[in-house]
Each structure stands twice: as structure tokens, then as C-alpha cells.
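[1] Here is my input, please return the structure:
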Amino acid sequence: MKVLNRLKHRWLRVAIFLLAMVVVVPFALSRAMSPLRRVVVHEIAGVDRSEDAATGATLRLAAYNIAHGRGLADSNWDTGPPSERISRLDDIARLLRTIDADIVVLNEVDFDCSWSRSVNQALYLAEHAGYRFRAEQRNLDVRFAFWTWRFGNAILSKYPITRAQVVDLPGYSRWETLVAGKKKGLMCEIQWADQPVRVIGAHLSHRSESLRVQSVSDIVDLMAEQQGIPTILAGDLNSTPSGYPHSKQDVTGANAIDLLDRSAFFRRSPDGAHTTDASFTFPAVRPDRVIDWIMIPPAWQFVEYDVDPSQHSDHRAVLSSIKPKAPDAR
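    Got it, this is the predicted structure:
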């Protein structure tokens, strides 16, 4: 009986050790290494669509939440065979080529995820849509047993990305942030025309307007510290201003887009309470609200602003052409 008990204890120790090797060690290593992967900047050899902009030319931008390449499916796991997701990425790449933006802000981009067969979607789209420069920023970065989840925001550019950094934003909970990560932003300086421009790509929380208000407050504080370079804010902000369909407020009555408006650091389109259906961005099928935005410096103007009706994601892509106002323009 004692021998049997010793064998049971030995096998229990072996089982615990194997469990640690399979589950705990990969998880711990992934979390320990995550700070080294927060922001990565790449230049793709062989992709030559970098351009020189003439002074006073328009800058063309796009913002697109690509929903991990799952299309209109409700679950990231429910996307059919791998070839189907690659085919959808090809559709998105063709759309980006058609839009022909100089800078593209992407949300919900997989860099190494089991549900998308570990395809780096930012790299795939940059190569297939013809963008030489890209920056990646991870929101979620965790490995558990045999599954990996690394995804976040990306910025693709025809012009050199000279600097990139994380924009830290508040998390939903301390434990969730520690265990897996949280939504953050990506800020890049890009050399365009005779001056740099700064682009902040952000994907704010879908869970509460209160958290979105806190995030926008941090962005506004950052803007107060980072003046001097024209700054564009773009992405899925998950908020629509007061007076718009599906607008929400926190317990104090605050709204994230209203806060950005009051900051005077950005101007937006649509900018009136009577927005049209054509400006709605979500859901892609029969959209009823605008939550994806391109916001520009107050000293710049919109030359063009449009929402593409394609349904390669549950969001629609936003695109705009912008330029600095003439010195005497008001």
C-alpha cells in the first residue's frame, strides 16, 4: 500500500510538472516578453510605394477596424478554413489599394493568433497593398498552453515612420491588464512633405463610456504635452457624440467625443448632430451609428471625407483627404 501511495505521489508530481511546462511556463514567458513587443517598426524591402509629397499637397488617410480578418462572423474562431481568412485579407488589401491612402490606421489586427493561424496581418496587408513602412502595437499579448493571442493596432505608411511609441490608456481592470494586456494606442511620427505629421491610432474600449472618457482625457493630456507637430487621431473610438444615434454618456453625463471637441485639439467630420446614414460606420451591414473616426488638427481642413460600404469586416472603412489651411483661411 505504501508503494502504491508513493507511485501515486510520484505521478502527481510528474503531472504537475508537465502541466507547468505546458501551461504556466509559456504563459509566464509570454507576459515577461510582452514589453519587448509593445511597439515594432518595420520597413519592407522590395515594396516601393514611398513617395515625396509636394508642399501644400493633400494627405490621404484611412481608418479601418478589420476585426481580425473574421469578416461578419460573430466569433474569431468561427471563420471557416484558413484559406477563407486569407481570401478575406486579400479582399481588404484590394480595398486598400483602391482607396490608395498615404497612411492607414488599422484596429483589431492579429500579429500572432491561433485563430488566424499565426498570420501577421499587418505584414500581409502591407505587402499586398503596397505599403513600405508599418508600425505594430500590441494590446493583448499572451500565450496559454498551445494557443497564442497577440493583436492590437497597426499603422501602414507610404512615407517613413521615424518614431513610434505606445499611448498608454486605462485598463478595464488591474487583473485583466496583468494577465493579458489592455487596449492602448499607437503614436507615430511620419515624415511627410516638408514637415513631420503625427498619427495616433487608437481602439477605445467597447465596454463603457466611462472608460472611453478616461482614455480620451489621457489623450488630451498627451496632446497638451506634444504640441508643435500636426497630430491626427484615427481609429475605432467606440463613441458617438451627444445628439447622434446611439450616443452614450458616463454617470457624470460626459461623452468621449464631446470631450475631444471641447479640447480644441481636433476637428472632425461629420461635425453636426444631423449626420446622414452614409457617414455611419457600424455595423457594416445596415450601419446605424458612427464610431470610427479620422480627426485632424484645427489648422487643417477636410478636402474629402467618405465611408466605404464594403463588408469585409463588421466595421466600414473611413477615408479622407486633408491638407493644411491656407495662412489667411479661418
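
[2] Please make it C-alpha for all contacts and neighbour counts, starting now.
    Will do.

[3] how far does stretch 57-75 stretch from start to finish?
    42 Å (C-alpha to C-alpha, to the nearest Å).

[4] State the mean pLDDT of it.
    In this model, stretch 57-75 has a mean pLDDT of 94.

[5] Figure out how far that stretch is from the centre of its chain.
    Relative to its parent chain, stretch 57-75 has a centroid offset of 9 Å by C-alpha atoms, centre = their mean, to the nearest Å.

[6] List the buried residues of it.
    For stretch 57-75, a neighbour-count test (16 or more other C-alpha atoms under 10 Å) marks 58-72 as buried.

[7] I would like the residues contacting it, please.
    76, 78-79, 85, 88-89, 99-110, 116, 193, 234-236, 292-294, 303, 311-323 (C-alpha atoms under 8 Å, 6 or more residues apart in numbering).

[8] Out of these, which sit inside strands?
    With DSSP state E as the criterion, strands contain 103-110, 234-236, 292-294, 303, 318-323 from among the contacts of stretch 57-75.

[9] Quick one, which of the residues you listed are buried?
    103-110, 234-236, 292-294, 318-323.

[10] where do the helices sit along the protein?
    2-19, 25-33, 82-99, 121-129, 174-179, 209-225, 256-263 (DSSP state H).

[11] pLDDT weak spots in this protein?
    Residue ranges of the chain with pLDDT under 70: 1-37, 46-56, 79, 145, 179, 273-274, 328-330.

[12] if you set the cut-off to 80 instead, what comes out?
    Scanning the chain for pLDDT under 80 picks out 1-38, 45-56, 78-82, 142-147, 149, 175-181, 193, 227, 272-276, 326-330.

[13] mind checking how far the closest residue to P196 other than its chain neighbours is from P160?
    Nearest non-adjacent residue to P196, counting by C-alpha to C-alpha, 6 or more residues apart in numbering: I190, 5.4 Å away. According to C-alpha to C-alpha, I190 and P160 sit 6 Å apart.

[14] got a list of what the residue nearest to L140 when sequence neighbours are not counted touches?
    If the residues on either side of it in the chain are set aside, L140 comes closest to G181, at 4.7 Å by C-alpha to C-alpha, 6+ apart. Contacts for G181 (C-alpha under 8 Å, 6+ apart) come out as 139-142.

[15] Filter those down to just the buried residues.
    For those, buried by 16+ other C-alpha under 10 Å: 139-142.

[16] and which of the residues you listed is nearest to R268?
    N139 (25.6 Å; C-alpha to C-alpha).

[17] Touching, that closest one and K183? I think so.
    Yes - using C-alpha atoms under 8 Å, N139 is in contact with K183, at 5.0 Å.

[18] What are the buried residues along stretch 204-212?
    Buried-residue list, stretch 204-212, by 16+ other C-alpha under 10 Å: 204-205, 209-212.

[19] before we move on, back to that, let me know whether the residue nearest to P196 touches L156 as I believe.
    No - with contact defined as C-alpha under 8 Å, I190 does not count as touching L156 (10.4 Å).

[20] Who has more neighbours out of those two?
    L156 (28 against 21; other C-alpha atoms under 10 Å).

[21] Identify the residues contacting that one.
    Contacts for L156 (C-alpha under 8 Å, 6+ apart) come out as 103-106, 122, 126, 131-135.

[22] will you turn these into CSV that also has distance to D168?
    Shown next, in CSV, are the contacts of L156 (distance: C-alpha to C-alpha, whole Å):
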residue, distance to D168
I103, 22
V104, 21
V105, 17
L106, 17
A122, 21
A126, 25
Y131, 26
R132, 26
F133, 23
R134, 20
A135, 16
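
[23] among those residues, which two are most distant?
    Maximum distance among the contacts of L156 (C-alpha to C-alpha): 15.3 Å, for L106 and R132.
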